[in-house]
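A.B. asks: I'd like to go over a predicted model; first the sequence, then the structure.
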Amino acid sequence: MKKIFTMAVYLALALGAIPSHSETTSLEELRTGDMKKLVFHSKPKNIANAAYQLADNAGTETLEKYKGKYILLNFWATWCAPCRKEMPMLSDLQSELGGSDFEVVTIATGRNSPEGIKKFFSRANITNLPHHQDLKQKLASEMGVFGLPITVIIDPEGQEIARLRGDADWSSESAKAIIESLIKRTKP
């Protein structure tokens, strides 16, 4: 049984399902500037499965929806100045790198009116990010989000692999290099 487990682990490493120590190190080496705050976990962590509200009261969803691609999940609020500052950069990142292997997902947590979110996105000329909400902060709480903004990188298996507390320049060359490196892992 031990041999089978060992073979399964080696196979998973070979196929890229589990980031090796050298892969994590290479990602860490790409961090400069604000991205130095991005902490890669030594082992992927399970994420919460609490539902959040879709834009325009179109129902609820869970993060399970995004399985199969890397997501950069940003918890933010309309009243949070650092959140508002980084949102256009997240939009630029989505425009440049978003697609079938990667997506920026924004979830306003706590007291944020749908009208306030729409107004902010309109004024900032952001048209490519979702207006999701976590009104009762259930998802944020289950994911250990205490303070905003918090950005979490989730792998295609649906596990958290990195976290950044506070705002960051997501349009920086460092941020793009990290995301591009992750996206390359999904390509055969």
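C.D. replies: That came through, no problem.
A.B. asks: would you map the helices across the protein?
C.D. replies: Secondary structure of the chain (DSSP state H): helices located at 2-15, 21-29, 81-97, 114-123, 138-142, 173-186.
A.B. asks: so which of these is nearest Gly59?
C.D. replies: When these are ranked by distance to Gly59, counting by CB to CB, first place goes to helix 114-123 at 13.7 Å. (C-beta placed from N, C-alpha, C; glycine too.)
A.B. asks: so who does Leu135 touch?
C.D. replies: With contacts defined as CB atoms under 8 Å, 6 or more residues apart in numbering, Leu135 is in contact with 53, 110-112.
A.B. asks: buried ones only from those residues, please, as a PyMOL command.
C.D. replies: Of the contacts of Leu135, the buried ones can be selected in PyMOL as follows, counting by 16 or more other CB atoms under 10 Å:
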select buried, resi 53+110+112
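A.B. asks: could you list which of the contacts of Leu135 belong to strands?
C.D. replies: Mapping the contacts of Leu135 onto strands (DSSP state E) picks out Gln53.
A.B. asks: by pLDDT, give me the weakest of the contacts of Leu135.
C.D. replies: Within the contacts of Leu135, pLDDT reaches its minimum at Arg111, with 90.
A.B. asks: isn't that one right next to Ala77, touching?
C.D. replies: Yes: between Arg111 and Ala77 a contact is recorded at 7.5 Å, counting by CB atoms under 8 Å.
A.B. asks: do you know how far the closest residue to Leu182 other than its chain neighbours is from Glu86?
C.D. replies: Spatially, and ignoring its direct neighbours in sequence, Leu182 is nearest to Tyr70 (5.0 Å; CB to CB, 6 or more residues apart in numbering). With the distance defined as CB to CB, to the nearest Å, Tyr70 ends up 18 Å from Glu86.
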